[in-house]
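Participant: Provide a 3D model corresponding to the input given below.
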Amino acid sequence: MCSLWSSVYILYLPNEEKIEEISRSEFLTIYDTYWAIKNFYRAIKQVCGICRFMVRDTYVIKTHIFCSLQAFIKLDLIGEAETEL
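Facilitator: Numbering: from 1, shown residues only. Have a look, this model is predicted:
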């Protein structure tokens, strides 16, 4: 099941023979995890503004990142609550 693109896309295994040992379910689990991480980064960059720093002070940047992550979590919880209704 696993082709070369999958090993480059989401896996790094120095031994190419081990790539062939990965089952379809393992591959799908890894791919789903990868996709969730990719969506998380897209959301915190586009929705929460984590890339837009107007300051250079390290403490303020850390505070901005913390607040952006809190905003992401709250928006995610709101979205989950709306889908349950």
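Participant: Name the residues of the longest helix anywhere in the chain that are buried.
Facilitator: Ranked by residue count and defined by DSSP state H, the top helix of the chain is helix 58-84. Using 16 or more other CB atoms under 10 Å as the test for burial, helix 58-84 gives 64, 68, 71, 72. In short, each C-beta sits where N, CA and C put it, glycine included.
Participant: Might one say that the second one is in contact with residue 44?
Facilitator: Translated: residue 68. Yes - using CB atoms under 8 Å, residue 68 is in contact with residue 44, at 5.8 Å.
Participant: which residues do these two both contact?
Facilitator: residue 50 (CB atoms under 8 Å, 6 or more residues apart in numbering).
Participant: OK, contacts around the closest residue to residue 49 other than its chain neighbours?
Facilitator: Leaving aside its sequence neighbours, residue 49 sits nearest to residue 68 (CB to CB, 6 or more residues apart in numbering; 6.3 Å). Residues in contact with residue 68 (CB under 8 Å, 6+ apart) are 44, 48, 49, 50.
Participant: Quick check: the farthest pair among these?
Facilitator: Farthest-apart pair in the contacts of residue 68 is 44 and 49; separation 8.4 Å (CB to CB).
Participant: more crowded one of these two?
Facilitator: residue 44 (18 against 13; other CB atoms under 10 Å).
Participant: Any figure for the gap between residue 58 and residue 46?
Facilitator: Noted for residue 58: a distance of 24 Å to residue 46, by CB to CB, to the nearest Å.
Participant: swap in residue 36?
Facilitator: Counting by CB to CB - residue 36 and residue 46 are separated by 16 Å.
Participant: and if you look at residue 77?
Facilitator: Residue 77 is 18 Å from residue 46, by CB to CB.
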